[in-house]
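> Okay, sequence plus prediction incoming.
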Amino acid sequence: MKTLFSRLHLPLLLGAVLTLSTVALLSALAPATSAVAADSRAASVSDHLSTGFPLLGRHAQIECQECHVGGTFKGTPRQCQLCHIQGSRTAQTFKPVNHVQTVRPCELCHISTVTWSGARFQHVDIAPGSCMTCHNGGTASGKPGNHVPTTASCDSCHRTSAWIPAGFNHVSVAPGTCNTCHASTPKPSNHPITTASCDQCHRTTAWLPATFSHTGVAPGTCLTCHASTPKSSTHMVTARSCDACHTTTSWTTGIRYTHLSPAYKPHNAGVSCRSCHTTNSETISWQYGAYAPDCAGCHAGRYKQDSHKKTESPTTIYYTVAELKNCAGSCHLYTNNTFTTIKTTRNSKHRSTDGGF
């Protein structure tokens, strides 16, 4: 029985051994085979130099038979346009139907052998003024619908490197005739209301910055034009005309504000507008209305009684806020509580322009 089993299973065991040996052998040979293939590929690319057609980019990656169909080498085209054309036996990609009509060699525009994109058309031999021959909206892109109306040639303003930026020479354009061309470039919705010609404020180099001569504009009539340039949300609430504070040279610099209240006194430079106008309104109420319109109307809360003695005999008596509500006045120290004889005269040291009390 043992002998029979051995005879029956010996071929199977030998087959298994052979199979495992074959797998191991193939596994061992695989890296070497890949290396040989890579070396062979590199050699083919290198040898191709001798034909006068170097394999670059995608040409160095494709299989030989993709160009040399059926192993035929003779007669294989070397010009891009002879291979990359519909019907060619070697064509992998070819001109799309919307390609710019041209008989120029592909490589004049398509400088990469890896991708068709990124092509640049060489305008070297294009005659000036003949742009519309191609840029008619069919062969190549033409004027957009919002283009300034003009019969001038594209290259009068545009360059072959890009459509934008474009520059137009306004030398021969008569002053005041801007709307002849710029009627299709309307003023923005926030433009000051005016019937003046564009070149009264704008320059031909750029729309901004713009300058306007306010000579002859009546004071207090700013809103006639500036109604569509509204005040910012942080602007002080006021009904006064713009030129009461602003100048015509700049909105933000040189601002001057004049207080209309006869009770207002100039303050030191450390006091800002918001120190008093806490609600951002031009009109403010007295914080301590009982003492208005004197200094105490705002500063009563800062009054310190112990510094303002009225008499020290027979007891110490202090001045009240009401008695010294005009901080710029003077207070006397009396000899006694009859307040008839002045012991010391003290001139006030408080001035609205001082740095502090």
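Sure thing, it's come through.

> Count the neighbours of Val217 for me.
Neighbour count for Val217, taken as other CB atoms under 10 Å: 14. Every residue, glycine included, has its C-beta placed from N, CA and C.

> tell me the secondary structure for it?
Secondary structure state of Val217, per DSSP: H, G, I helix; E, B strand; the rest coil, is coil.

> Quick one: the helices in the stretch 101-250 of the chain, in order.
179-182, 223-226 (DSSP state H, counting those that start in this stretch).

> want to throw those helices into TSV with mean neighbour count, mean pLDDT and distance to His235?
Converted to TSV, those look like this (neighbours: other CB atoms under 10 Å; pLDDT from 0 to 100; distance: least, CB to CB, whole Å):
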stretch	mean neighbour count	mean pLDDT	distance to His235
helix 179-182	13	84	32
helix 223-226	14	83	13
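
> mind giving me JSON lines with the ones you listed and columns for distance to Arg302?
As requested, those are exported to JSON lines (distance: least, CB to CB, whole Å):
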{"stretch": "helix 179-182", "distance to Arg302": "61"}
{"stretch": "helix 223-226", "distance to Arg302": "40"}
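
> Output stretch 156-163 as CSV, nothing but the C-alphas.
The C-alpha trace of stretch 156-163 is given here as CSV (Å, rounded to 0.1, in the frame of the first residue of the first chain):
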residue,chain,number,x,y,z
SER,A,156,-4.2,99.9,-32.4
CYS,A,157,-4.9,99.1,-28.8
HIS,A,158,-4.1,95.5,-28.1
ARG,A,159,-0.9,93.5,-28.1
THR,A,160,-0.3,90.0,-29.4
SER,A,161,0.8,88.8,-26.0
ALA,A,162,-2.7,89.3,-24.4
TRP,A,163,-5.9,91.3,-25.0
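
> List the buried residues of that stretch.
His158 (16 or more other CB atoms under 10 Å).

> Would you mind measuring from the residue nearest the centre of the chain to His147?
Relative to the mean C-alpha position of the chain, the nearest C-alpha, by CA atoms, centre = their mean, is the one of Leu208, at 15.8 Å. Leu208 sits 21 Å away from His147, going by CB to CB, to the nearest Å.

> re earlier: can you pull the contacts of the residue nearest to the centre of the chain?
By CB atoms under 8 Å, 6 or more residues apart in numbering, the residues touching Leu208 are His202.

> Equivalent analysis for Ser313, please.
335-337.

> and for stretch 288-297, what are the contacting residues?
261-263, 265, 286-287, 298-301, 303, 321-322, 324-328, 350, 352.

> so how far does it reach from one end to the other?
5 Å (CA to CA, to the nearest Å).

> Also stretch 304-313?
Using CA to CA, the two ends of stretch 304-313 sit 20 Å apart.

> i'd like the first residue to be 377 from this point on
From this message on, residue numbering opens at 377, which makes the last subject stretch 680-689.

> any idea of the mean pLDDT for it?
The pLDDT scores in stretch 680-689 average 89.

> For it, buried residues please.
684-687.

> gap between that stretch and the chain center?
64 Å (CA atoms, centre = their mean, to the nearest Å).

> go on, stretch 474-491?
35 Å.

> which outside residues touch that stretch?
432-435, 455-457, 460, 492, 494-498, 510, 515-516.

> let's see 6 Å
For stretch 474-491, the surrounding residues in contact (CB atoms under 6 Å, 6 or more residues apart in numbering) are 432-434, 456-457, 492, 495-498, 515-516.

> Buried among those? Make that a PyMOL selection.
Per 16+ other CB under 10 Å, the buried members of these correspond to this PyMOL selection:
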select buried, resi 457
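
> I'd like the average pLDDT over stretch 560-573.
Mean predicted lDDT for stretch 560-573 stands at 81.

> Between the two ends of it, how far is it?
First-to-last residue span, stretch 560-573, CA to CA: 15 Å.

> Next, the buried residues of that stretch.
By 16+ other CB under 10 Å, the buried positions in stretch 560-573 come out as Pro568.

> Can you give the distance from that stretch to the centre of its chain?
24 Å.
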